[in-house]
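Novice: Dropping the sequence and predicted coords here.
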Amino acid sequence: KGYVIKEYFANYFLHTSDVTFDMQNNQMEVHARNAEPWKVTLVDTGDETMTGGRLKRVQPYLEGEEAFCFTYGDGVSDVNITESIAFHKAHGKLATLTATQPPGRFGALNLDGNKINSFQEKPQGDGAWINGGYFVLSPQVIDYIAEDSTVWEKAPMERLAREGEMHAFFHHGFWQPMDTLRDKVHLEELWQSGKAPWKAA
């Protein structure tokens, strides 16, 4: 549904401002413009293109850039993007992956034999660090991608890691995927309650 995103930006002022339509003179006046200083490029990468192929298809739009940010878009977090970019520039390698620890899915029992001492609702996971889905990348990483069918998480990331070109930016804050109905319900509850950690003020 990329056309929905294109339509949103094509009619940006209709979505974000008060407008007056002068039907007799076929004119529209925008009031109180609140446009962000953004330049947005929307690239249709195709339904069958894999994650690496999608990156390769945006290469023409990255000329002259020192680095760019990349995310899957299927999760939310309060990752400090400014700090991750600074970290990327400081280590000077080609790729920075945001590492996070997933939340526990089930409540945990504190046991003494078969006696339950306490119950902790959804504690932090097992302590393993995972790919949090937020990257800062130098455009040269696209040379690691062969074609549309290339999966970013396979050969390109594995090669970057082997060559010492990928560093982890450790995120200790909120991170939640949106992979299941359970995830969707949880995230919607956080949003409705006004306690969504990923929401910008």
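Specialist: Now that the structure is in, tell me what you want to look at.

Novice: Surely residue 140 is in contact with residue 68?
Specialist: No: with contact defined as CB atoms under 8 Å, residue 140 does not reach residue 68; the gap is 11.2 Å. For every residue, glycine as well, the C-beta is placed using N, CA and C.

Novice: Give me the more crowded residue out of those two.
Specialist: More crowded of residue 140 and residue 68, by other CB atoms under 10 Å: residue 68, with 17 against 11.

Novice: show me the contacts for that one.
Specialist: 62, 136, 137, 139 (CB atoms under 8 Å, 6 or more residues apart in numbering).

Novice: Residue 176 now?
Specialist: Counted by CB under 8 Å, 6+ apart, residue 176 has contacts 75, 76, 77, 103, 183, 186, 187.

Novice: Could you do residue 61 as well?
Specialist: Taking CB under 8 Å, 6+ apart, we find residue 61 in contact with 41, 43.

Novice: tally of neighbours for residue 142?
Specialist: Neighbours of residue 142 using other CB under 10 Å come to 17.

Novice: Then residue 90?
Specialist: As a burial measure, residue 90 scores 10 neighbours (other CB under 10 Å).

Novice: try residue 67
Specialist: Neighbours of residue 67 (other CB under 10 Å): 18.

Novice: likewise the one 4 residues further on?
Specialist: Neighbouring residues of residue 71 were enumerated by other CB under 10 Å; the total is 14.

Novice: is it true that it touches residue 137?
Specialist: No: in this structure, residue 71 is not within contact of residue 137 by CB under 8 Å, at 10.8 Å.

Novice: low-confidence ranges in this protein?
Specialist: Applying pLDDT under 70 to the chain flags residues 105-109, 115, 120-127, 201.

Novice: which stretches of this structure form strands?
Specialist: Here the chain has its strands, by DSSP state E, at 18-22, 27-31, 68-71, 75-77, 95-100, 108-112, 115-120, 130-137, 166-170, 175-177.
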